[in-house]
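Peer 1: dropping a prediction and its sequence here:
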Amino acid sequence: MQAEINSDNYTDPAAGKQPFRDYSEDVVANRAIDAGTTAKRQQRMAKHVYPVIGTTPLRALSRRPSLVQSLIASMERAGLEASTVGVVMADVSMVFNAAIDDGLVTKNPCRASSVTLPTAEQDELVPWTAEQVAAVRAALPARFAAMVDCGAGVGLRQGEIFALSPDDVEWLSPEPVVHVRHQVKALKGGMVFDLPKGRKTRAVPLSPARKIALAEHMRLHPPVEVTLPWRRLDGKPTKVRLFFTHTQGRPLERADFNRDSWKPAVRAAGLPVGPYENTMHDLRHYFAAVLLTEGESPKALSRWLGHGSVTTTMKYYAHFMPQSDARMRRIIDEAMEPASEDAEVGPGRSAPARD
């Protein structure tokens, strides 16, 4: 105890006796994030964490990383994917970081060298073909067909497409762009408008053909003004004119749209349907694959997709970048070819020896 005091690491033993669940529930509920993320985090904790370590005191967990490793093992035995285990453990680590800040414990056991997470296997994404994109577009109800132009042609996420407004498009600009300003989110008890994922707005160039497609959609299916609360169910009522709505003028809800419109269109296009297979997000993958294959800058693509960094973009899409074995061989041979007497000395070349 005296050593801890001398090193400024002393904590009151009584402070860490609080059960993990009691403390965690307060931390998660008061975290300054959107209500949807809070609800998902609470669900993950209740389902995977509290049954295993919920009654264990914070101090005991902090001093015995093996207890945290047993939590990881229990999730693996339950068949959770490695990526899901990683998300859950990030939540647990967040709780211990808060406990350290509150002076309840001195260590985060999730960071112990003996605590290891399962390795996630990252399968390479296989993008749709242009024919498959066109087939799904043709099979969608006419009022939703232009969604394909927004996903495959602008790279929008599903919630961003649901919230897209004609007011977000620079129609008269010689170089038009789409401003991605909000998304529709489903919370427990209703829907809200919110900022795009990562709370980052962005602008994406709009190609001439996609601009025409959106204009034609707007002519055939006039926009509908929808009012939803902002960010929270009790948030400020916000009005947005939407390209895509329910037939009754209501905003689209993800589960209903996927069941009633998206999955039937995918089946009609001859593609298999599954919980994580051939979803609307595949339009976004197509957008990224086409641009990288044609040599577009990963940095620019990352900005258009709204990723936090180029690293995130390359994690999923690096294999789409053009590869040329023949080009590599030519570049190396040209760089290492000895320079002639009269050749200009440049990178990769050596000046001829002189007496």
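Peer 2: That came through fine. Numbers count the residues shown, from 1 in each chain.
Peer 1: would you map the strands across this protein?
Peer 2: Here the chain has its strands, by DSSP state E, at 177-180, 183-187, 190-194, 202-205, 224-229, 237-242.
Peer 1: in a markdown table, list these along with distance to residue 108 and mean pLDDT.
Peer 2: For every residue, glycine as well, the C-beta is placed using N, CA and C. Shown next, in a markdown table, are those (distance: least, Cβ to Cβ, whole Å; pLDDT from 0 to 100):
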| stretch | distance to residue 108 | mean pLDDT |
| --- | --- | --- |
| strand 177-180 | 36 | 97 |
| strand 183-187 | 30 | 93 |
| strand 190-194 | 30 | 94 |
| strand 202-205 | 34 | 96 |
| strand 224-229 | 36 | 96 |
| strand 237-242 | 39 | 97 |
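Peer 1: so which of these is nearest residue 28?
Peer 2: For the strands of the chain, the distance to residue 28 is smallest for strand 183-187, at 15.6 Å, taking Cβ to Cβ.
Peer 1: and that closest one, what does it pack onto?
Peer 2: helix 35-44, helix 158-162, strand 190-194 (3 or more Cβ pairs under 8 Å, 6 or more residues apart in numbering; DSSP states H and E).
Peer 1: quickly, which of those bottoms out on average pLDDT?
Peer 2: Among those, helix 35-44 carries the lowest mean pLDDT, at a mean of 86.
Peer 1: any figure for the gap between residue 290 and residue 132?
Peer 2: In this view, residue 290 and residue 132 are 13 Å apart by Cβ to Cβ, to the nearest Å.
Peer 1: what's the answer for residue 331, then?
Peer 2: 35 Å.
Peer 1: more neighbours: the two, which one.
Peer 2: A direct count of neighbours by other Cβ atoms under 10 Å for residue 331 and residue 132 places residue 132 higher, at 17 against 12.
Peer 1: show me the contacts for the more buried one.
Peer 2: Counting by Cβ atoms under 8 Å, 6 or more residues apart in numbering, residue 132 touches 269, 271.
Peer 1: and it, how far from residue 281?
Peer 2: Following Cβ to Cβ, the distance that separates residue 132 from residue 281 is 14 Å.
Peer 1: and residue 93, how many neighbours does it have?
Peer 2: By other Cβ under 10 Å, neighbour count at residue 93 equals 16.
Peer 1: what's the closest non-adjacent residue to it?
Peer 2: residue 110 (3.9 Å; Cβ to Cβ, 6 or more residues apart in numbering).
Peer 1: for the one you found, what are its contacts?
Peer 2: Counting by Cβ under 8 Å, 6+ apart, residue 110 touches 65, 68, 89, 92, 93, 96.
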